[in-house]
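[1] predicted structure and sequence below. I'll ask about it afterward.
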Amino acid sequence: MVDSMKKLKKTSLILLFSMSVFIMTCGPLFVQAYELMGPIWASIYTDPLRYYDTSGYGEVSTATSDWNNAVSDITLSTGPSSCIYKIIKADDSDVDWDGETDWAAAFGFFYKCDVYINHFYVKTYNSDVRKSVIGHEMGHAFGLDDRTNVGVIMNGATYGAGSRCGTYSIYTPQADDANGVDYLY
Amino acid sequence: MREKHVYTISAILILCSIGSLFVNTQIQHNIQASWSYAYSDVQELADKSDLIIKGKVISSVTLENEFSNNDLIFTSHTVEVIEVVKGYVETKNIEIYQTGGETKNVFSSVVDDPLFKEGDIMVLFLRKSDTVVNRYIVLGGPQGRFMVNDDAVYSMSEYLDQSDSITSRMKTNGISYADFINQIK
């Protein structure tokens, strides 16, 4: 009787331990909704993460504040022209994107990141929507991937069906976006 | 003495080989494009297109230095029109403009809208360029692009096997070309 009790206790402890390990390691995978592109910034670039802005949009500053208020593990800030993360104004009517992030990485780390804001589209947007486009691209520059049909800043469409602004009126990073960035850094 | 020369020549050859790896390697740039508009379905794409064609990519030319303030690259594809589904074309070939391109040093491509390849057969939902005659732009990047393979039609999310994609809404996975065209005519 005592032996079987000991065996049961041992089995229970093993089960409890393995469940704890499973929850700690796999738990975040089940609750996360954010998607990751793959690379991150090396720690030498993240104290704070600096970008050089030549776009001329005032919303860059407010989108930066929005991200800094949302995340806890990294800070975004302006920097000098030597930064390898740049925010640039484009003006092209022959494309259907209003923002894009052009990045290159090696060994899992970014070594170039150019965020383009397409003036052809954003000049017609109000300030909140323009800020959402810039905030969305900043999310890519952190390492977050596009999402579809959900109310997060990383929703990859500005207007139309299931879109970030047209459908969900999202102009700032949401908890899920912030969780993604805090997971990365 | 002769042995020393062999070592020296071997070392030079190895260093040259390692160096050539860096000199000849194209840098891979990934582009996360944020689309200005998400189409709800194929019918909405059809309604908003100036031109719908089945076409084959004949050749492609990379366009560098399109804009003075940035180093974005684009590609001008010459596409042979096999069939006009909607609209009218005066020439057998049309130009289609796509973000991304390939130079000696860089290969740049939109993640969910990879560069067309020579020989690709596609159904394309297009709008006219406002700036260049006979140039067309695919509606919504990958949304207005459907791959034709052995008479079966695939949306880009199916073709690229991307589950959370802006093209998932197009729900086209291997239906016959005739059935696909019938649903939009």
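    Happy to help now that I have it. Numbering: from 1, shown residues only, chains lettered A, B, ... in the order given.

[2] use CA for all of it now, contacts and neighbours both
    Will do.

[3] what's the burial count for the residue lying closest to residue B:118 once chain neighbours are set aside?
    Using C-alpha to C-alpha, 6 or more residues apart in numbering or on different chains and skipping residues adjacent in sequence, the residue nearest residue B:118 is residue B:57, 5.0 Å away. Burial of residue B:57 is recorded as 21 neighbouring residues (other C-alpha atoms under 10 Å in any protein chain shown).

[4] verify the stated contact: residue B:57 with residue B:123.
    No. When contacts are counted by C-alpha atoms under 8 Å, residue B:57 is not listed as touching residue B:123 (11.2 Å).

[5] the residue nearest to residue B:118 in helix, strand or coil?
    strand (DSSP: H, G, I helix; E, B strand; the rest coil).

[6] likewise residue A:82?
    Residue A:82 - assigned by three-state DSSP - is coil.

[7] show the contacting residues for it.
    Applying C-alpha atoms under 8 Å, 6 or more residues apart in numbering or on different chains to residue A:82 gives the contacts residue A:52.

[8] same thing with residue A:62?
    Shown in contact with residue A:62 (C-alpha under 8 Å, 6+ apart): residue A:131.

[9] tell me how far it lies from residue A:134.
    Distance of residue A:62 to residue A:134, computed by C-alpha to C-alpha, to the nearest Å: 9 Å.

[10] and if you look at residue A:185?
    For residue A:185 relative to residue A:134 (C-alpha to C-alpha), the value is 21 Å.

[11] again, but for residue B:155
    For residue B:155 relative to residue A:134 (C-alpha to C-alpha), the value is 28 Å.

[12] so the two - more neighbours on which side?
    More crowded of residue B:155 and residue A:134, by other C-alpha under 10 Å: residue A:134, with 29 against 26.

[13] shouldn't that one be in contact with residue A:65?
    No. Here residue A:134 does not reach residue A:65: they are 11.8 Å apart, not a contact under C-alpha under 8 Å.

[14] any weak-confidence spans in chain B?
    Along chain B, segments meeting pLDDT under 70 span B:1-2, B:6, B:12-24, B:68-69.

[15] near chain A, which residues of it?
    B:27-40, B:67, B:69-70, B:97-99, B:129-131, B:137, B:139-141, B:164-166 (C-alpha under 8 Å from any C-alpha of the partner chain).

[16] can you flag which of those residues belong to strands?
    In strands, defined here by DSSP state E, the members of the residues of chain B next to chain A are B:27-38, B:97-99, B:137.

[17] for residue B:128, name its beta-bridge partners.
    residue B:136 (DSSP bridges).

[18] where along chain A do the helices fall?
    A:2-31, A:59-70, A:119-122, A:127-142, A:175-184 (DSSP state H).

[19] worst average pLDDT in these?
    Lowest mean pLDDT within the helices of chain A: helix A:2-31, at a mean of 57.

[20] residue B:153 and residue B:178: what is the separation?
    From residue B:153 to residue B:178 the distance is 9 Å (C-alpha to C-alpha).

[21] typed the wrong thing, it's residue B:39
    For residue B:39, the distance to residue B:178 - C-alpha to C-alpha - is 22 Å.

[22] okay, those two: which has more neighbours?
    Per other C-alpha under 10 Å, whichever of residue B:39 and residue B:178 has more neighbours is residue B:39, with 23 against 11.

[23] any idea whether the residue nearest the centre of chain B is helix, strand or coil?
    Central residue of chain B (C-alpha atoms, centre = their mean): residue B:115, 2.5 Å from the mean position. Under three-state DSSP, residue B:115 falls in the coil class.

[24] shared neighbours, residue B:57 and residue B:123?
    With C-alpha under 8 Å, 6+ apart, residue B:57 and residue B:123 have no common neighbours.

[25] excluding its backbone neighbours, what's nearest residue A:127?
    Residue A:127's closest residue in space is residue A:59 (C-alpha to C-alpha, 6+ apart), at 7.0 Å.

[26] over to residue B:110?
    Leaving aside its chain neighbours, residue B:110 sits nearest to residue B:31 (4.4 Å; criterion: C-alpha to C-alpha, 6+ apart).

[27] ok, that neighbour - contacts?
    By C-alpha under 8 Å, 6+ apart, the neighbours of residue B:31 are A:100, A:101, A:102, A:103, B:100, B:108, B:109, B:110, B:111.

[28] so which of these is the closest to residue B:47?
    The closest of the contacts of residue B:31 to residue B:47 turns out to be residue B:110 (C-alpha to C-alpha; 25.3 Å).

[29] what about that closest one, how many neighbours?
    Count around residue B:110 with other C-alpha under 10 Å applied: 21.

[30] same deal with residue A:153?
    Number of residues near residue A:153 (other C-alpha under 10 Å) recorded here: 32.

[31] tell me the spacing between it and residue A:106.
    26 Å.

[32] repeat that for residue A:142.
    For residue A:142, the distance to residue A:106 - C-alpha to C-alpha - is 15 Å.

[33] try residue A:171
    For residue A:171, the distance to residue A:106 - C-alpha to C-alpha - is 32 Å.

[34] check residue A:121 too.
    Distance of residue A:121 to residue A:106, given as C-alpha to C-alpha: 32 Å.

[35] in stretch A:68-87, what counts as buried?
    By 16 or more other C-alpha atoms under 10 Å in any protein chain shown, the buried positions in stretch A:68-87 come out as A:68, A:70-71, A:74-76, A:78-79, A:83-87.

[36] quick one, phi/psi of residue B:47?
    phi -60, psi -30 (degrees, to the nearest 10).

[37] how near is it to chain A?
    For residue B:47, the distance to chain A (C-alpha to the nearest C-alpha, to the nearest Å) stands at 14 Å.
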